[in-house]
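Enquirer: sequence and computational prediction follow.
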Amino acid sequence: MADNLGNLDTFSIPFEHEDSLDLVRRVRDGPSVDELVANYVDLIQETNTKAALERITLCSMFNAVVTNMPIRDDTIGLPPALHDYVVGLIIAHTGEGSKEHSYRELVSPALDISLAYLFSEVGLSPESSKEDELKHTVEFSMLQRELATGRFMMSDQPIEVAKKAYSPHNKYLKRELGFTIEEAIQSTDHIEEIAAKCRRWLIGRDEISLKEIPAEGHTLDSMIDEFDEKGEIQIGSGSDDFKRDAELVEQYYHQLSDYHHTLSLTESVLVNHLPDDLAEPVFINYLDRMSVEIESAEDSKFDFKHPYQFNPLHRHPILQLGSRYFIPRPNAVRRALVETFYYDLIELPDYGDPSGETGGEFGRVFGDYVENWTYSCLSKVFGESNVFLNPLYPDSLEEACDVLVFAQDMVLIIECKSGKLPLSTRRGEYDKIQSAINRKIGRGYTDQALELVKRLRDEGLDELIHDGAPLTIEDYPTYQPMVVVGEPYDSIATHLIDVIVDVSDVPPYVADIYDLQILTEVLNEPDRLKHYIQSRLDLFEQRSIVSPDEIDYLGLYIENEDEFPDLPDNNFSWVEDMSHVVNSKIDYKFGF
């Protein structure tokens, strides 16, 4: 990494290419993914489930503490996606076991499985052509989305998304599940408040020293120190950073043995403290829908073994074990609000489409919230008089684009896509990823946004229809296509879209709706937002600054005084953990 990034925290990576290849060889010479997964399922089945969930919940509490501290330690124990993977395996494969594994024994296999996927399943090699290397990078990035942090959003954004996405469908939610989305959010707030009180009480015990929880630096600090000492890259379960975290969790698990009951909740506690305006039958309906009773593997209805499969935790974020309820991750319940009801509604024969072919009436309406939200975000920056929703072609009266923006000397031509990436893409196979992305982003770009660009730029089109009246479009120097998606696509959107979609004419800027909300809040003046979009597009060609998270790009841009650093030739910068810069600018308006 370059060392001329001003006041930014930077690392000069001491690893050479051969050191990275040595890591890959070590992983590939080890057990296969299938062997590792089979052994891990066996371990889960012999494990004392209650003790396992208590350790995982305690670690997630520590992560909640770290998230709220102004420090560089990025996480305690597992990254969030792997944390969810372990819990999903417990849901699907709990046995009658009584063996109590330490935190390190319990979760280390998940790290080994993630490395095997990333380095054994993806076919990178020194002999790869440039084209193959980029394709393998796409595969690697998609797997990383399932194995690391993936799908970043600020902590308060899921609540807003749930309201916007599901309030039009309240009639069917109430009919099928017994609650509206507003009642689901109220129930979520109630559960989170009770759990937070328990968490604050436990974290406040004299047995816990908050100063001990975070490491002194970022994971990369430890990784570099180990390399200097041992001469080889150590990541995953063998790294000093993970060992330190695992020992800390285990130490506190035993020190807090008298208070393990605070790591779970009872139904009576939840019901007896309901707010006055939340009816008990409604809350019980919600609790029944959002929770899953942990049963033996023989009775489990979930076929879940691999990280790329649908994780039952994302449908049922509350785990019932006997008379107690576990919430394995503090924000897991609100995150589930974003997507779990989608499956209830899409499967309704009279409203959705169980076949998955058309989406039914639900599918037709569901995507509207992304368009309306995009319109609202951009109107705050450019003014309502310059932002137009669903303009039409004057000849055919067909929709020209979802949102059109007069952005000073630029016209933004925006298509919005709410559809989720299919499970088939999570496996990290390039052909399936390419097919799915071209159906989502590709069609919105090539068949819609780019088509309008060409007609305005090349064919002399100077008028559209909006709200039944002519909309005159002057001759602009720049017509910029943009695609807004309804869920985070991570690296696929931030720096790899041109590998998958033919963008040889005018490359699109791709952002998810969560990032667009933050971008328009931070860069709330037309000049600033327009300059950011242009600057981000310039990075595609260089590939010198890379991140899977748009908010990390934004943090770097802000920290560098509204510019991206100009790196020397042959320098590469991987950017992460910059969300605190963004949050401080907007006073944590959308949470952490």
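Expert: Cool, the structure landed. Residues are numbered from 1 along each chain as shown.

Enquirer: phi, psi of Gln448?
Expert: Dihedral angles of Gln448 (phi, psi; degrees, to the nearest 10) stand at phi -120, psi -70.

Enquirer: sorry, wrong one. I was asking about Ser573.
Expert: According to degrees, to the nearest 10, Ser573 has phi -130, psi 120.

Enquirer: number the chain from 44, please
Expert: In the new numbering, first residue 44, that becomes Ser616.

Enquirer: please name the bridge partners of it.
Expert: Ile588 (DSSP bridges).

Enquirer: was I right about it contacting Asn603?
Expert: No: Ser616 lies out of contact with Asn603 (CB atoms under 8 Å); the separation is 11.0 Å. Placement of C-beta: from N, CA and C, glycine included.

Enquirer: neighbour count winner among the two?
Expert: Shown here are Ser616 and Asn603; by other CB atoms under 10 Å, Ser616 has more neighbours (18 against 15).

Enquirer: gap between the more buried one and Tyr596?
Expert: 11 Å (CB to CB, to the nearest Å).

Enquirer: shared neighbours, the two?
Expert: Contact criterion CB atoms under 8 Å, 6 or more residues apart in numbering; residues shared by Ser616 and Tyr596: Ile588.

Enquirer: per-residue confidence at the closest residue to Glu255 other than its chain neighbours?
Expert: Spatial nearest neighbour of Glu255, chain neighbours left out: Leu291 (6.8 Å); criterion: CB to CB, 6 or more residues apart in numbering. pLDDT, Leu291: 90.

Enquirer: do I have it right that Leu291 meets Ile251?
Expert: No: contact criterion CB under 8 Å: Leu291 and Ile251 do not qualify, at 10.4 Å.

Enquirer: mind showing which ranges of this protein have poor pLDDT?
Expert: The model of the chain has pLDDT under 70 over residues 44-70, 110-117, 163-171, 192-194, 253, 256-279, 339-342, 613.

Enquirer: and the residue nearest to Glu255, how far from Leu125?
Expert: In terms of CB to CB, Leu291 sits 17 Å off from Leu125.

Enquirer: neighbour-wise, which of the two wins?
Expert: The residue with more neighbours, out of Leu291 and Leu125, is Leu125; 22 against 19, by other CB under 10 Å.

Enquirer: what sits against the nearest residue to that one once chain neighbours are set aside?
Expert: Distances taken as CB to CB, 6+ apart place Ala153 nearest to Leu125, at 4.8 Å, with adjacent residues excluded. If you count contacts by CB under 8 Å, 6+ apart, Ala153 has them with 83, 121, 125, 128-129.

Enquirer: and which of the residues you listed is nearest to Asn481?
Expert: Distance to Asn481 across the contacts of Ala153 (CB to CB) is lowest for Tyr128, with 28.2 Å.

Enquirer: centre of the chain to the helix or strand containing that closest one, how far?
Expert: Counting by DSSP states H and E, the element that carries Tyr128 is helix 123-136. A distance of 16 Å separates the centroid of the chain from that of helix 123-136, by CA atoms, centre = their mean, to the nearest Å.

Enquirer: take the helix or strand just after it, keep the C-alpha atoms, and write them as PDB.
Expert: Downstream of helix 123-136, the first helix or strand assigned by DSSP H and E is helix 146-159. These are the backbone C-alpha positions of helix 146-159, laid out as PDB (Å, rounded to 0.1, in the frame of the first residue of the first chain):
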ATOM      1  CA  TYR A 146     -15.200 -21.000  22.200                       C
ATOM      2  CA  ARG A 147     -12.100 -21.600  20.200                       C
ATOM      3  CA  GLU A 148     -12.900 -25.300  19.700                       C
ATOM      4  CA  LEU A 149     -16.500 -24.400  18.800                       C
ATOM      5  CA  VAL A 150     -15.800 -21.800  16.100                       C
ATOM      6  CA  SER A 151     -12.300 -22.500  14.700                       C
ATOM      7  CA  PRO A 152     -13.700 -25.000  12.100                       C
ATOM      8  CA  ALA A 153     -15.800 -22.200  10.600                       C
ATOM      9  CA  LEU A 154     -12.600 -20.200   9.900                       C
ATOM     10  CA  ASP A 155     -10.900 -23.200   8.400                       C
ATOM     11  CA  ILE A 156     -14.000 -23.800   6.200                       C
ATOM     12  CA  SER A 157     -14.000 -20.200   5.000                       C
ATOM     13  CA  LEU A 158     -10.300 -20.400   4.000                       C
ATOM     14  CA  ALA A 159     -10.900 -23.700   2.200                       C
END
